[in-house]
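Peer 1: below are the sequence and a predicted model for it; my questions follow.
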Amino acid sequence: MWSSPFITKTTSVSQIMLHVLIALIPGIVMYVWYFGPAILMSLTLASVTALTTEAVMLKLRDRPLKPFLSDNSALITAWLLALSIPALAPWWLVVVGTAFGIAVAKHLYGGLGNNPFNPAMVGYAVLIISFPAHMTHWLTPHPLGEIVLSFPEQLNYMFNGALPAGLTLDALTMATPLDTLKTQLHLGLQVNDIRNMPIYGRLAGKGSEMVAIGFAIGGIYMIYARVINWLIPTIYLGALFAIAGIFHLVDPVHYASPLFHWFAGAAMLGAFFIFTDPVGGSTTFKGKIIYATGAALLTWLIRTFGGFPDGVAFAALLMNICVPLIDVWTQPRVFGKKGDGK
Amino acid sequence: MRQLFKFHGGVHPPTHKSESTRSPIAQAAIPSRLVIPLHQHVGNRAVPVVQVGERVLKGQIIGKPDGRLSSAVHASTSGTVSAIDMQLVAHHSGLPDLCVTIIPDGKNEWVAHGGVDYKQTPHTELRHILRLAGVVGLGGAVFPSDMKSYSNKHKIKTLVLNGAECEPYITCDDLLMRERASDILRGAEVLRELLYAEEVLIGIEDNKPEAIAAMRSAVEQDGHQHMEVIAVPTLYPGGGAKQLIRVLTGIEVAAGVRSTEKGVQCFNVATAYCVWRAITYGEPLLSRIVTVTGNVSNAQNFEVLLGTPVDELVAQAGSKSDTDRHIMGGPMMGVDLPSGAVGVTKATNCIIEASDALFPPPPPALPCIRCARCAEVCPADLQPQELYWFAKAKDFGKTQEYSLFDCIECGACAYVCPSQIPLVQYYRFAKSEIWQREQEQQAAEVARERHEFRLMRIEREKQEKAERLAQKEQAALAAKAAAAPGSATADPQANAEAALQARIEAAAARAKAQAAAEHPKNIDGLTQEQQAEIAEIEARRAKIREMAADAGADDEPPKHN
């Protein structure tokens, strides 16, 4: 005998995940436009690694392959990780990060739906701690670089570690805008002077700010298509804007503007694609507000005072830890009851 | 414009109502047999008052109410009682229940009946009429209406008339409001008088413009003073009594609280209609409007005699050959019927003929990804994903901490779940487990009390035996003292013995008093049934003892269990 309800809405997990992948495409297009097609190679590598690792882990855990391989969640992990690390890097960097994220952060904790930490961010954390040097070589955006590698040359570097004769990696890559800002501030420069350096554009880093806009466009599409809830991106960006804005108003010489924080680094990717990951995020209304505010605060703190160039990944992981507590604290009032539903 | 309120969440499933609203209510044929369950209402099952083979008339009581919370059951048409036995019934338990089977004679011959003028009749009598007419809530809860139309201290302000009908596919209330608005409103007026309510708010979802228009014009034509027809937004489960009360009045009635405590009472429109027919014409509840829809060639509403087998009803709507099951109610909260042979009951508002093409079986569930879409649509403001987690882990304490029993099983959570998890099944499972545990605990509690009662009784018997012995000894001493005259007053030993005797007596009296004081404490809190049961057990034991004594004094006394 069946049991009610007998009808369901037809939105499935794999459709939701597919929408997330589609929403990443505008950012990826911008990425290719400004930094060349190397990112496509690392996206492919990450995807293949993620699906392979997922299959192996499912096999080891004696779980059915088809429903889980087709849920598209492994691909999201792969793409988010590939977009978080330098595109021009040895092939094994993205492979190690993705495999670790899927095998350890996801499957050792019980697979889809059971991982307390965002697998892509765990992969990123492992890479930046284990291979910090490789994680600093970001491609110079298109209009800035005097030398642009062709796609075969990029592939040759990724798989053979060989650059065209007479070129060094330093000539092709640079530190990120966030990293440069921090280093230059340490050297005693002022925010205004640093922002006038050629790597910066109108909002943040040249090229990378456009990628961030691409992610924001994808994010707004997801909110419109009801793939993600509007609350977390709004609160996250609002809180980041507020805290960066306060410090920028008080001391513009040493603190970058809120718009800079929005469009530099992974803030937009985080706001729409990382902090909105439901599995490790808070589920209650108030909890989402606390979660997003905490994430914004940590992002800004790590960026401003921390030892890493960007704070999004660690903000995500640190807030993931807090979620069980946040959720218990923020249970909504039950219909007709007073106070906390008791 | 009246201010309306919102409840949290809700969903918009496809309504599929237009299929069955194209034609007016049709009279369903008198079936070849009627299977009438005696338990069609909340409360005690009605007691059968007819015999197999007896001829019954239409409207004759075949089951009389048993106890305060109960309702009468009637023969829906004239005919002969062919069986009174356990049959499968249209109930979510899927268990058989006592039914009266009647073979109709086709004459449709009425029992003598007549109505009263409600304005000239005392309220207690009106309520009695409702009870004997078998009027119960027709929105699905089937709570006896006489018990709901009682207002203590005149504290009900608002009577809410529920014509929302939020479930997809169901249109029986819609059609009833379109075609019989006047009688509904008159019934509502009777209920308003019974409750001393100040106003009647009639809530109808705004996807039923014809019903709203019909009800509004009836309010105007009949000059009902205290009534207002209010179009409420279409949002499932807006027709749930608590949700509708919230939308119309802003009052939230928590689980386990009666709406009357907040000054509101709620009746379904069809119930109000039946109230009017019962009071004014003396017509008991013999039929109801049933939507027959789904996998049929001619979806339609029928006025159906209670007890009509579902098979015979759906045939009249042209049930298609690939139909493989019948759903009673809507697709969100309906029940998959155990058989097509079950009779239509007072709770049967809709029969959906279902097939895999209409309601495809759900794909295998994926793990919960905590997307909280379920929490966003939950009308009770629960966290369905947490409840699911705890129910799955059989952590029932936690499910109660997260207010499991506030869940109304509306199915909105399962409807939106992208992982296609049958969430409501998990909640039903957890609820039934908790109920079972509580029952077991209560049973254990009763057993413990009985055991303690028995120990106490043995102790008391010992005391009484000691007393008797003491008395005997005392008597012997007294006799001794009497046999030695002269020494009684002077003998210090005798004085000491007398003092000791007094102490023993005092102790025995204390023990007796204690036992007497303990006695009521142990049987305090016992229900009448339990007391009766204990008395019965004691009587049985006494009898066994007697029998043992008869069998021979040398035999061992029977052991207590």
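Peer 2: Cool, the structure landed.

Peer 1: okay, A:Leu167: pLDDT?
Peer 2: With respect to pLDDT, A:Leu167 scores 81.

Peer 1: what's around it, how many residues?
Peer 2: A total of 14 residues lie near A:Leu167 under the criterion other Cβ atoms under 10 Å in any protein chain shown. Every residue, glycine included, has its C-beta placed from N, CA and C.

Peer 1: what segments of chain A are strands?
Peer 2: Along chain A, the stretches classed as strands by DSSP state E are A:138-139, A:173-174.

Peer 1: dump the ones you listed to JSON lines, plus mean pLDDT and mean neighbour count.
Peer 2: JSON lines is the format used below for the strands of chain A (pLDDT from 0 to 100; neighbours: other Cβ atoms under 10 Å in any protein chain shown):
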{"stretch": "strand A:138-139", "mean pLDDT": "86", "mean neighbour count": "24"}
{"stretch": "strand A:173-174", "mean pLDDT": "83", "mean neighbour count": "19"}
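
Peer 1: ok, which of these comes nearest chain B?
Peer 2: Proximity to chain B, assessed across the strands of chain A by Cβ to the nearest Cβ, is greatest for strand A:138-139 (32.1 Å).

Peer 1: tell me the gap between the closest one and the middle of its chain.
Peer 2: Using Cα atoms, centre = their mean, to the nearest Å, the distance from the centre of strand A:138-139 to the centre of the chain it belongs to is 16 Å.

Peer 1: before we move on, the earlier item: as a markdown table, the strands of chain A with distance to B:Phe429 would be great.
Peer 2: A markdown table is the format used below for those (distance: least, Cβ to Cβ, whole Å):
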| stretch | distance to B:Phe429 |
| --- | --- |
| strand A:138-139 | 53 |
| strand A:173-174 | 58 |
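
Peer 1: so which bits of chain A are right by chain B?
Peer 2: Along chain A, the residues adjacent to chain B under the rule Cβ under 8 Å from any Cβ of the partner chain are A:1-9, A:11-13, A:15-16, A:67-68, A:71, A:73, A:110-114, A:229, A:278-279, A:281, A:283-284, A:327, A:331-337, A:341.

Peer 1: in helices only, show me those residues.
Peer 2: Taking DSSP state H, the ones among the residues of chain A next to chain B that sit in helices are A:Val13, A:Gln15, A:Ile16, A:Pro67, A:Phe68, A:Ser73, A:Asp327.

Peer 1: kindly provide the distance from the second one to A:Phe273.
Peer 2: According to Cβ to Cβ, to the nearest Å, A:Gln15 and A:Phe273 sit 17 Å apart.

Peer 1: do the same with B:Ala272
Peer 2: Taking Cβ to Cβ as the measure, B:Ala272 and A:Phe273 are separated by 54 Å.

Peer 1: quick one: low-confidence ranges for the chain?
Peer 2: No chain specified, so I'll use chain A. In the predicted model, chain A carries pLDDT under 70 at residues A:1-2, A:143-147, A:339-342.

Peer 1: sorry, should have said chain B
Peer 2: Looking at chain B by pLDDT under 70, you get B:153-154, B:485-494, B:515-527, B:529, B:546-561.

Peer 1: what is the longest helix belonging to it packed up against?
Peer 2: Ordering each helix of chain B by length in residues (DSSP H) puts helix B:423-483 first. Counting contacts by 3 or more Cβ pairs under 8 Å, 6 or more residues apart in numbering or on different chains; DSSP states H and E, helix B:423-483 packs against helix B:384-392, helix B:396-401, helix B:412-416, helix B:487-490, helix B:492-523, helix B:528-551.

Peer 1: tell me which of those sits most buried.
Peer 2: Highest mean neighbour count among the helices and strands packed on helix B:423-483 (mean count of other Cβ atoms under 10 Å in any protein chain shown): helix B:412-416, with a mean of 27.

Peer 1: hmm, that helix touching chain A?
Peer 2: Yes. If you take Cβ under 8 Å from any Cβ as the test, helix B:412-416 does meet chain A, through B:Ala414, B:Tyr415, B:Val416.

Peer 1: wait, what's in contact with the first one?
Peer 2: B:Ala414 makes contact with A:Pro5, A:Thr8, B:Cys374, B:Ile421, B:Pro422, B:Leu423, B:Val424, according to Cβ atoms under 8 Å, 6 or more residues apart in numbering or on different chains.

Peer 1: what's around residue 214, how many residues?
Peer 2: The chain I'm using is chain A. Other residues within reach of A:Gly214 by the criterion other Cβ under 10 Å amount to 23.

Peer 1: meant chain B, my bad for not saying
Peer 2: 22.

Peer 1: wait, a helix at it?
Peer 2: Yes. B:Ala214 sits within a helix when classified using DSSP: H, G, I helix; E, B strand; the rest coil.

Peer 1: tell me if I'm right that it and B:Met177 touch.
Peer 2: Yes. Using Cβ atoms under 8 Å, B:Ala214 is in contact with B:Met177, at 5.8 Å.
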